[in-house]
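> Provide a 3D model corresponding to the input given below.
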Amino acid sequence: MKNRKICAAIAVSFALAAMTGCSGKDSNSTTAATEAGTGSSEQAPGQSQEATTSAPIEIYPIKNADKMDIKHSDYVDVTGWKDVKVSADDATAPQNEIDYAVAYGYGSTLGLTQEEVIGRAVKAGDTAVFDFKGYVDGEAFEGGEATDYELLIGSGQFIDGFEDQIIGHSIGEEFDVNVTFPDPYPNNPDLAGAPAKFVCKVNKIMGFDNVSDDTIKTKTDGAFDTKAAYEASLIEDVTEKYRENAIWKAVMDSIKRIKQNDDLVEEYNSFNLNYASALGAQYGMTLDMVLQYYQFDSKDAFIESLRDSAQEYSYQICEVLAIADSEGITVTEDEIKDKYTDALEEYGNDEAAMNEAGLTKDGFLYDCLMDKVEELVYDTITVE
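As a prediction, the model looks like this:
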C-alpha cells in the first residue's frame, strides 16, 4: 500500500522525536548530530512546557479524496511505461542494506540481543559505542560532544552521511566524520546548513556474530535449522525488495506528469495534520502546540514543509490509477472485503477507530488496485 507508506514518512519523524527523544544512549547527553532527536531529555512534547491544556483536544480531520472519480489523464500520461529498462547495478542491494536487514531480522523479528564482538570493523546493523566531538569552523560547539554513545548503524538517527562514515572503523581507531547539517535544522537553528567535522573514536562494537544455530532453530520454531539458512532468507528478501523498488522507481520516473491533483494533496496534508494532532492529544497538547514544538510557526508552514512529498503522493496515486485503467485491471468486492477485514483486525475490530483513521472503502479499492499494478510492473519490467 504505497499511498500509506508515503504518508507515513512525516509521521515516523514525529513518533521518533516525540516518544523516544534520542534513540541512542550516551553518558554525556547530546543532540547536535541527531536527525530526529529533540533534546537530551527523554520527555515527550509538552512535558517540559508549562502551556498545556485541560480542554478536550480536537483531532484534525482527515479529508479523503474521491480517488476513483479522478480523471487521471488530466494529471499523468503513462504511455510507454512498459518500455522501461533497469540495470542490474541499480537493482542490486548495497552490502550495507543487506547487513542492516540481517541485523534487523535478529533484533526486531527474533528479539535477540546484541553482544560485544571483536576482531572486525563496524558494519551496518551493529551498535557502535563511540566518542565524538563536533567542530564548526574549527570551533567546538555546544551539544556536539558525547562519550560512549550507543548508535545503531543504519537506523538513520544521525544526520545524513554520519552513520555511513562510521562503517569500516575498528575498536580504538580515531577518525573524522564530515557532514553538513540540514537546513532547516530544528534541533539547533544556528547550525542549519553548516559543514561540520566530528572527531570520533570507536570504543566497542555490539553485534549478532555469536548467535548459534540452536538459538535460530528455537526462535523460528524449527523453520530454520541454522544461522546461515536464516540469514540466506533475510538476504533473499531484501534483495528482492531492492529489485522491486528499483523497478518501481524507474517506472514512476518514466511517466509524464502534467499537474498535481489538489484534492490528493489536501488529503495527504490532512493525514499528517491528523497524525500530529493525535500525537499531541496523548500529552494534552493542541495541534498548534505540537507544531510550535517542532519549530513550525503555523499549519501553513508545516504544510509547506510537506510540499514535495504531498506532490509525489498526488502523482503516484494518479499513476497507479492510470496504469490500472490502461491495463484493464479490476477489483472484486471479495478482494475489497478481504482488505477491509484485515484492516479491521489491526484496529481491534473497532470500526469507528478505523474510520477516524481515514480508512474508507474507496481507499481499500485503491489498495487492491495498487497491489495488482505492483505485481504487473514487477513482472513486466526487465532487469538487464
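
> OK, contacts around residue 237?
Contact analysis of residue 237 by Cβ atoms under 8 Å, 6 or more residues apart in numbering lists residue 101. Bear in mind the C-beta positions are built from the backbone N, C-alpha and C, glycine included.

> repeat that for residue 127.
So residue 127 contacts 114, 150-153, 205-207 (Cβ under 8 Å, 6+ apart).

> 7 Å instead?
114, 150-152, 206 (Cβ atoms under 7 Å, 6 or more residues apart in numbering).

> so which of those comes closest to residue 66?
Checking the contacts of residue 127 against residue 66 by Cβ to Cβ gives residue 152 as the nearest, at 41.9 Å.

> number of residues surrounding that closest one?
21 (other Cβ atoms under 10 Å).

> quickly list what the residue nearest to it when sequence neighbours are not counted is bridged to.
Closest residue in space to residue 152, ignoring its immediate chain neighbours: residue 127 at 5.2 Å, by Cβ to Cβ, 6 or more residues apart in numbering. Residue 127 has these beta-bridge partners by DSSP bridges: residue 152, residue 206.

> so what's residue 127 scoring on pLDDT?
We have a pLDDT of 98 for residue 127.

> for residue 281, same thing?
92.

> export stretch 276-289 as CSV, just CAs?
The C-alpha trace of stretch 276-289 is given here as CSV (Å, rounded to 0.1, in the frame of the first residue of the first chain):
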residue,chain,number,x,y,z
ALA,A,276,0.3,15.4,14.6
SER,A,277,-2.8,16.4,16.5
ALA,A,278,-3.4,12.8,17.6
LEU,A,279,0.2,12.6,18.8
GLY,A,280,-0.2,15.9,20.8
ALA,A,281,-3.5,14.8,22.3
GLN,A,282,-1.7,12.0,24.1
TYR,A,283,0.2,14.6,26.1
GLY,A,284,-2.6,17.2,26.4
MET,A,285,-1.3,19.4,23.6
THR,A,286,-3.2,21.1,20.8
LEU,A,287,-2.1,20.8,17.2
ASP,A,288,-0.6,24.4,17.3
MET,A,289,1.4,23.4,20.4
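
> list the buried residues in that stretch.
276-281, 283, 285-287, 289 (16 or more other Cβ atoms under 10 Å).

> and what of stretch 227-236?
Those would be 227, 230-231, 234-235, for stretch 227-236 by 16+ other Cβ under 10 Å.

> returning to that earlier point: looking at the contacts of residue 127, which is nearest residue 56?
Using Cβ to Cβ, the contacts of residue 127 come closest to residue 56 at residue 152, 38.3 Å.

> count of residues packed around the residue nearest to residue 87 when sequence neighbours are not counted?
Nearest residue to residue 87, sequence neighbours excluded (Cβ to Cβ, 6+ apart): residue 384, at 6.2 Å. Other residues near residue 384 come to 10 when the count uses other Cβ under 10 Å.

> output the buried residues of stretch 227-236 in JSON lines, with distance to residue 304 appended to each entry.
Formatted as JSON lines, the buried residues of stretch 227-236 follow (distance: Cβ to Cβ, whole Å):
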{"residue": "227", "distance to residue 304": "49"}
{"residue": "230", "distance to residue 304": "45"}
{"residue": "231", "distance to residue 304": "44"}
{"residue": "234", "distance to residue 304": "39"}
{"residue": "235", "distance to residue 304": "41"}
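
> which of these fall in helices?
227, 230-231, 234-235 (DSSP state H).

> so how far is residue 366 from residue 335?
12 Å (Cβ to Cβ, to the nearest Å).

> ignore the last one, residue 248
Taken as Cβ to Cβ, the span from residue 248 to residue 366 is 16 Å.

> pick out whichever of the two has more residues nearby.
Between residue 248 and residue 366, counted using other Cβ under 10 Å, residue 366 has the larger neighbour count: 23 against 18.

> gap between the more buried one and residue 311?
When residue 366 is compared with residue 311 (using Cβ to Cβ), they lie 18 Å apart.

> quick revisit: which two of the buried residues of stretch 276-289 have the greatest separation?
Largest separation among the buried residues of stretch 276-289 by Cβ to Cβ: 278 and 289, giving 13.3 Å.

> which residues of the stretch 101-250 of the chain fall in strands?
Applying DSSP state E, counting those that start in this stretch to the stretch 101-250 of the chain gives strands spanning 115-116, 127-136, 139-152, 174-180, 195-207.

> hey, which of those is tucked in deepest?
strand 127-136 (a mean of 21; mean count of other Cβ atoms under 10 Å).

> list just the nearest of the buried residues of stretch 276-289 to residue 258.
residue 276 (30.8 Å).

> in space, what's closest to that closest one - neighbours in sequence excluded?
When the adjacent residues along the chain are set aside, residue 276 lies closest to residue 290, with 5.0 Å between them (Cβ to Cβ, 6+ apart).

> show me what the helix or strand hosting that neighbour is packed against.
Per DSSP states H and E, residue 290 falls inside helix 287-293. Contact analysis of helix 287-293 by 3 or more Cβ pairs under 7 Å, 6 or more residues apart in numbering; DSSP states H and E lists helix 262-281 as its packing neighbours.
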